Structure formats: structure tokens, C-alpha cells
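S.K.: Next one to model:
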Amino acid sequence: MEAKFTFIDGGVTAPKGFTASGYHCGIKAGRTKNDTALVYSEKLCNAAGVFTSNRVKAESVKYTKKIIANGKAQAAIVNVGYANACTGEQGAQVAKRMADCTANELGISCDDVIVCSTGIIGQQVPVEKIEANISNLKNALSKEGHKDASIGIMTTDTQNKECAIQFELDGKTVTIGTMCKGSGMIHINMGTMLGFITTDCAISSKMLDKALHESILGTYNCVSVDGDTSTNDTLTILANGLAGNKEIKNAGKDYEIFLNALNALNKVMAMKIAADGEGASRLVECTVKGAKSVEIARGLAKEIIRSNLVKAAMFGRDANCGRILCAMGYSGFEFNPDKTCVYFSSKDDGKRYFEVPSNGAIKIESDDSIEVVHNGVGLSFDEDKAEKILSSEAIEIFVTLEDGKAQGQAWGCDLTYDYVKINGDYRS
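M.R.: Residues are numbered from 1 along each chain as shown. Take a look at the predicted model:
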């Protein structure tokens, strides 16, 4: 379903009826920027969420999964510094206390408060510091508070991540806003991080849940920084209906427009996470075309960008095509190696340097792209040119198959010395 989308400023507060805040509660010694965030809707929302596939789940994840099961929520409270994972009964009480103090301050039910935590695993959250400052968070709620909130959820992120998109639906202007954090312990299999989506669209909890689960398949679930799926991964969406459109209760034109807008928003955020991977110096996008199915195309792309050998080659500006074919070969996904071609391209502001005409021929912008494998055979190529391409801040690995017409993408980053340094002393 084609629709016009406009990206706007405002993050989670861009939709009608939402405010946010961020505040420094002093949760972890040494941190000077905001360490807690609050998002609030003036009206009770329909809600949905997706959560980590890790068997070890944080107490905040357990709490939020339980309270969001009825499809309703009105606020979200988030702390950084300590993950509230592997914290037992005391951790469960911490999650409940975070919800209780937030609900009491806002005058809503504790069952309508999403609770999220991120940081060091296995240590207790000093929840009394959040309780002591919850009035400051509430008093700071505003339409301008989206940036403070997005900073308040950062851990090893080097930049805050937020976005908003606007479109027409049923003659009404509908807005979706979001913020997320994610830099390390990031791997496909939703969740992949902490993410919060807000919208003023009128849409039922059932269809909201359907849209969220559909959207992550080609966006958040196609990100891998280091192959580790966190204990705390959470992505939630709140819809308060204040845009005034006719409520989306079933699949159809309006649902498809909403889903496409959500996909566009989530893709931007997925790429932001990949580009800001711990220690990363460049974004790596992989596109696979000509597969038998979308699942195969995405699966192959994911396997390529998650390979440590491929990631290391990207860091070293080494056009080592063998590592790409190797990763595809052990992926378990079906493809014909003898009809596989591989290209490297630099990307400029999202421009794509590959076009695939209907006759299947590949048009290459020679200054920015280079073919390194043709029909399964490595080529002799200009090493200096390849190194120049791989020195770009954003790189595309482009793979063409002759197995079908499906395509898929995945996003990752290079593996640098700084990644080891960051994670070698993460607790200190």
C-alpha cells in the first residue's frame, strides 16, 4: 500500500497527547547525564510489546510482559546503570516499586506502567533513588522532553536515538514517534534493545500487536552488533487514538498504511542502532536479492553481517569475499553458490549504487562499487579501489542470486579494538 510519509522532529512526544522527561537520579556512580526516563500519555492507551527471546529475562521484562498482556498502558519508566536481571525476588520487588511510585505520582494504575531497566546484570537497582526523584521526572514532563528522555535511556550509546513520522489516514494526520537505546549485546531475535514507540493513531490492541510483530521481522530483527541477545530486550508501542481517525480493527487499507509507516520508522532506528554499535567505525548493510523467499534473503543477509570474520574484514578495509561466501554457506539457508555474485559499495546519505533492471543485469556506479565474486568465483579487482570503498562510514555488501525474486536486508557494524576495550571493563 503506497502512502506518503514525512519524517519530523519530536521523537516520542511528536504524537498528540504524549509528554516525556529525563532526569539524573544518581543511580550509578560516575554518570553525570540523565539516567532515568519517563514517557506519559494523557489518555490510557492500547498497547503491545515484544520481548527478549533469551531464556534469562530481567525482572523488568517479566513485570512488563505481565501488565501489558491486557493490551493497555499509559506510561513507561526506564532506568539505566543496572539491568535488574538475575536479581531474584528483590529484583521483582524493585520493578513493582518503580511502577508503584510512577503510578502514584501520575495518578494512574500501577498496572498501566511499563517498566524497563538496562545496564549491569546481577546487581540490584538502587530503586530508592528513583523513588526520591520521581516527582522531578513528573514535573519535567513536556512536549520538549523527548531529547532528555532519549538521553536518559543511553548506556554505551554514543548518541541518542529518536525519530518520528507523519502521514494521512482516514483524512486525519497521524503521527508515530520513537526512541531507543542499543549499542552492545545486540543481536537479531527480538528484542534487540530497549525501544519505545508512541502514536496518536486509533488502532485496537489486537492490530497494534499484529503490526508490531510484523514490523520487527524486517527491521529490528535484522540487526546484529555482536551476536549476543540481551536479557532485557523490550520494544513497546502505545496508541492513544487522539489523531481522531476511524479505529483500525481489522486488516485492510488503513492497517497497511499504518504498518508501512511503522516499518519506515523502525528501519531508520534499526540502522541507527547498527551504526552506533559498541566501538564501531562504520555501518555495514547487507542486501540479498534473487532468493527463493524473503526469509532466505534475510537469513543470508543476517548471517553475513553477524560473522565476526566479515566484521573484522570491514574494520580492516579488507575486501575478503571468501568470508562472505563462507558465512552464507554455513547459514543453513538454501541458495546456489555457483550463481552468486558479491559487490561492495560505499553509501552516501542512504543512496543505493545498485540497480537491478528487469533483465537482471546489474548497473554499477564504477566510482563507488566493485564486484568481487561472479557466479561463485572470486575475481581479480583493484585492491586500492576496494580499500577506498571500504573506508566509507557506511558500506553495503550486495549479493545477487538467481534462485528467485525475493530480497532482504540486514544491518550490522565492523568489529574494532574498542569493542573489546568497552566490554573488557564494562562494570568498572
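
S.K.: now the helices: where do they sit in the stretch 251-400 of the chain?
M.R.: Ranges of helices in the stretch 251-400 of the chain, per DSSP state H, counting those that start in this stretch, are 253-275, 294-306, 308-315, 321-329, 383-389.

S.K.: looking at those helices, which is buried most?
M.R.: Of all those, helix 294-306 has the most neighbours on average by mean count of other CB atoms under 10 Å, namely a mean of 23. All C-beta atoms are positioned from the backbone trio N, CA, C, and that covers glycine.

S.K.: and that helix, average pLDDT?
M.R.: The pLDDT scores in helix 294-306 average 94.

S.K.: orientation of that helix relative to helix 321-329 in degrees?
M.R.: 140 degrees (axes from the mean of the first three to the mean of the last three CA atoms, to 10 degrees).

S.K.: what's in contact with helix 294-306?
M.R.: For helix 294-306, the surrounding residues in contact (CB atoms under 8 Å, 6 or more residues apart in numbering) are 187-188, 217-218, 222, 224, 227, 274, 284-289, 291, 310-311, 324, 327-328, 330-335, 397, 399, 403, 406-412.

S.K.: Counting neighbours, what do you get for Gly332?
M.R.: 9 (other CB atoms under 10 Å).

S.K.: So the closest residue to it other than its chain neighbours versus Ser53, what's the distance?
M.R.: Closest residue to Gly332 apart from its sequence neighbours, by CB to CB, 6 or more residues apart in numbering: Gly299 at 7.7 Å. According to CB to CB, to the nearest Å, Gly299 and Ser53 sit 16 Å apart.

S.K.: residue contacts, Val113?
M.R.: 67, 73-77, 98-99, 102-103, 106.

S.K.: Same question for Ala164.
M.R.: So Ala164 contacts 7-11, 14-15, 175-178, 265 (CB under 8 Å, 6+ apart).

S.K.: Assumed it was part of a strand.
M.R.: Yes - according to DSSP: H, G, I helix; E, B strand; the rest coil, the state of Ala164 is that of a strand.

S.K.: Against Val268, how distant is it?
M.R.: 10 Å.

S.K.: cool, Lys96 as well?
M.R.: Distance of Lys96 to Val268, computed by CB to CB: 34 Å.

S.K.: Then Asn260?
M.R.: 13 Å.

S.K.: could I get the strand ranked longest in the chain in CSV with only the CA atoms?
M.R.: Longest strand in the chain, counting residues (DSSP state E): strand 36-51. The C-alpha trace of strand 36-51 is given here as CSV (Å, rounded to 0.1, in the frame of the first residue of the first chain):
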residue,chain,number,x,y,z
THR,A,36,16.1,7.8,34.1
ALA,A,37,13.3,8.5,31.6
LEU,A,38,9.6,8.8,31.8
VAL,A,39,7.0,8.7,29.0
TYR,A,40,3.4,9.6,29.6
SER,A,41,0.1,9.7,27.7
GLU,A,42,-2.7,11.9,28.9
LYS,A,43,-5.1,9.2,27.9
LEU,A,44,-5.0,5.4,28.6
CYS,A,45,-3.5,3.7,25.5
ASN,A,46,-3.9,0.5,23.6
ALA,A,47,-0.6,-1.2,23.9
ALA,A,48,1.6,-4.1,22.7
GLY,A,49,5.1,-5.3,23.2
VAL,A,50,7.8,-7.8,22.1
PHE,A,51,10.4,-9.0,24.4
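
S.K.: Quick check: buried residues in the helix or strand following it?
M.R.: From strand 36-51 onward toward the C-terminus, using DSSP states H and E, the following helix or strand is helix 59-67. Judged by neighbour count (16 or more other CB atoms under 10 Å), helix 59-67 contains these buried residues: 59-64, 67.

S.K.: average pLDDT for stretch 153-166?
M.R.: 89.

S.K.: just checking, Lys161 touches Phe196?
M.R.: No - applying CB atoms under 8 Å, one finds Lys161 not in contact with Phe196, separated by 10.8 Å.

S.K.: What segments of the stretch 301-428 of the chain are strands?
M.R.: Assigned by DSSP state E, counting those that start in this stretch, the stretch 301-428 of the chain shows strands spanning 341-346, 354-355, 363-364, 369-374, 377-378, 394-400, 406-413.

S.K.: Which one, of these, ends up nearest to Lys28?
M.R.: Between Lys28 and those, the tightest spacing by CB to CB is seen for strand 406-413, at 25.4 Å.

S.K.: Give me the helices and strands touching that closest one, please.
M.R.: Packed against strand 406-413, as judged by 3 or more CB pairs under 8 Å, 6 or more residues apart in numbering; DSSP states H and E, are the following elements: helix 253-275, strand 283-291, helix 294-306, helix 308-315.

S.K.: Next, the angle strand 283-291 makes with the third one.
M.R.: Just to be clear, that refers to helix 294-306. 150 degrees.

S.K.: same thing with the longest one?
M.R.: Taking the same axes, to 10 degrees, helix 253-275 and strand 283-291 form an angle of 130 degrees between their directions.

S.K.: Then the last one?
M.R.: Relative orientation of helix 308-315 versus strand 283-291 (the same axes, to 10 degrees): 120 degrees.

S.K.: who touches helix 308-315?
M.R.: Here helix 308-315 has contacts from 227, 281-282, 284, 304-305, 319-320, 323-324, 326-327, 390, 395, 397, 412-416, using CB under 8 Å, 6+ apart.

S.K.: Give me the distance from it to the chain's centre.
M.R.: Here the centre of helix 308-315 is set off from its chain's centre by 21 Å, with CA atoms, centre = their mean, to the nearest Å.

S.K.: next one: the longest one
M.R.: Here the centre of mass of C-alpha atoms in helix 253-275, compared against the chain's by CA atoms, centre = their mean, lies 10 Å away.

S.K.: related to what we said a few turns ago, identify, from the contacts of Val113, the entry nearest to Gly252.
M.R.: Out of those, the member with the shortest distance to Gly252 (by CB to CB) is Ala73, at 25.3 Å.

S.K.: If that closest one is in a bridge, with which residues?
M.R.: Cys45 (DSSP bridges).

S.K.: how close does Glu89 get to Lys96?
M.R.: Glu89 is 11 Å from Lys96, by CB to CB.

S.K.: So these two - more neighbours on which side?
M.R.: Lys96 (17 against 8).

S.K.: mind listing what Leu242 touches?
M.R.: 15-17, 43, 200.

S.K.: part of a helix, is it?
M.R.: No - judged by three-state DSSP, Leu242 forms no part of a helix; its state is coil.

S.K.: any idea how far it lies from Leu379?
M.R.: Leu242 is 57 Å from Leu379, by CB to CB.

S.K.: which neighbours does the one helix or strand Val115 maps to have in its sheet, and in what orientation?
M.R.: When elements are assigned from DSSP H and E, Val115 belongs to strand 113-120. If you go by DSSP bridges, strand 113-120 pairs up with strand 72-82 (parallel).
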